[in-house]
Structures are given as structure tokens and as C-alpha cells.
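**Student:** let's see this in three dimensions:
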Amino acid sequence: MVQDRFYATGKRKNAIARVWLTPGTGKVIVNEMEADAYFGGTFKTQKIEKPFKITETAEQYDVMATLKGGGKSAQVDALSHGISRALLEVSPENRLPLKRSGLLTRDPRVKERKKYGQKAARAKFQFSKR
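**Tutor:** Residues are numbered from 1 along each chain as shown. Reported below is the predicted structural model:
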């Protein structure tokens with residue numbers, strides 16, 4: 001059985017990207033919009049195209065993704081992570097180049113929680129002796 005659709009999930013901070021790859025011409029659809037229109041510019045498309053460049057599969061797959069949570073920057077990173085993991089589903093030979101470029105590693109940095117008795121995670125209320 002030949003599979004024509006590959007699925008993976010990418011994450012970064014609170015952003016979650018559900019990614020489907022289908023053989024195609026390299027179109028990227030995010031939440032039913034073109035990627036440039038959704039992210040508002042072309043500077044973020046470099047991060048989206050990086051997994052394809054590394055695995056030499058540029059313009060071979062169409063990307064259909066649904067993004068939730070986080071900000072636009074975290075969503076781009078989540079999308080890149082999801083595409084990388086989907087390319088791993090396409091072919092196990094893609095693992096080494098993707099791993100070397102750090103695209104398979106989920107960035108673990110998340111916002112630190114606010115502590116009680118403090119203004120924020122680390123910021124304290126101003127102390128007044130008098």
C-alpha cells in the first residue's frame with residue numbers, strides 16, 4: 001500500500017501545528033490561508049522551507065496545516081517542527097540530515113509560571129522599608 005498523505009504534529013511554546021504532507025508542487029496552506037498571507041510577509045517562509053531544503057525535497061510536497069495557540073513566531077517554529085517530523089514519516093533516510101540541523105528537537109523553552117506573593121515569575125513587588 002502506497003500512502004499519499006503523511007501526518008505529524010509540531011510544537012513550540014504553546015503553539016501546536018498539525019501538519020499533513022501530500023505530493024504536490026510546494027504550496028503551504030495554513031488554517032485555510034496561504035502561508036504568506038497568514039504570517040503577514042515572506043521573511044518567515046525561510047523557516048518553513050528549511051526542512052525541505054535540507055532533505056532536498058523542495059517543491060515535491062504540499063503542506064496543509066492547522067495551527068493553534070502561541071504567537072506567530074512560535075507557530076512558525078511549530079510548523080517547521082511538524083514538517084520535519086512528517087518528512088521523517090515520508091522516508092526514514094531523512095532522519096540524519098534533519099537531526100543534524102536540529103529540526104527534530106522540540107524547543108523545550110516555555111513561559112515560567114507566576115509565583116504567589118510575587119508580581120510575576122521572578123519579578124517581585126517593590127519593597128519599601130518605610
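
**Student:** can you pull the buried residues of the top helix by length along the chain?
**Tutor:** Ranked by residue count and defined by DSSP state H, the top helix of the chain is helix 72-90. For helix 72-90, a neighbour-count test (16 or more other C-beta atoms under 10 Å) marks 74-88, 90 as buried. C-betas here are computed from N, CA, C, even on glycine.

**Student:** kindly report the same for stretch 31-41.
**Tutor:** Under the neighbour-count criterion of 16+ other C-beta under 10 Å, stretch 31-41 has 35, 38-39 buried.

**Student:** repeat for stretch 16-23
**Tutor:** 16-21.

**Student:** that older thread, next helix or strand past the longest helix of the chain?
**Tutor:** Next helix or strand after helix 72-90 toward the C-terminus (DSSP states H and E): helix 95-100.

**Student:** that older thread, so which of the buried residues of stretch 31-41 sit within helices?
**Tutor:** 35, 38-39.

**Student:** okay, these in TSV with pLDDT next?
**Tutor:** Output for these, formatted as TSV (pLDDT from 0 to 100):
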residue	pLDDT
35	90
38	92
39	89
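
**Student:** of the residues you listed, closest to residue 66?
**Tutor:** Nearest to residue 66 among these, counting by C-beta to C-beta, is residue 38 at 11.1 Å.

**Student:** using the three-state scheme, assign residue 17.
**Tutor:** Counting by DSSP: H, G, I helix; E, B strand; the rest coil, the backbone at residue 17 sits in strand.

**Student:** what does residue 51 give?
**Tutor:** With three-state DSSP as the criterion, residue 51 reads helix.

**Student:** what is the neighbour count of it?
**Tutor:** 28 (other C-beta atoms under 10 Å).
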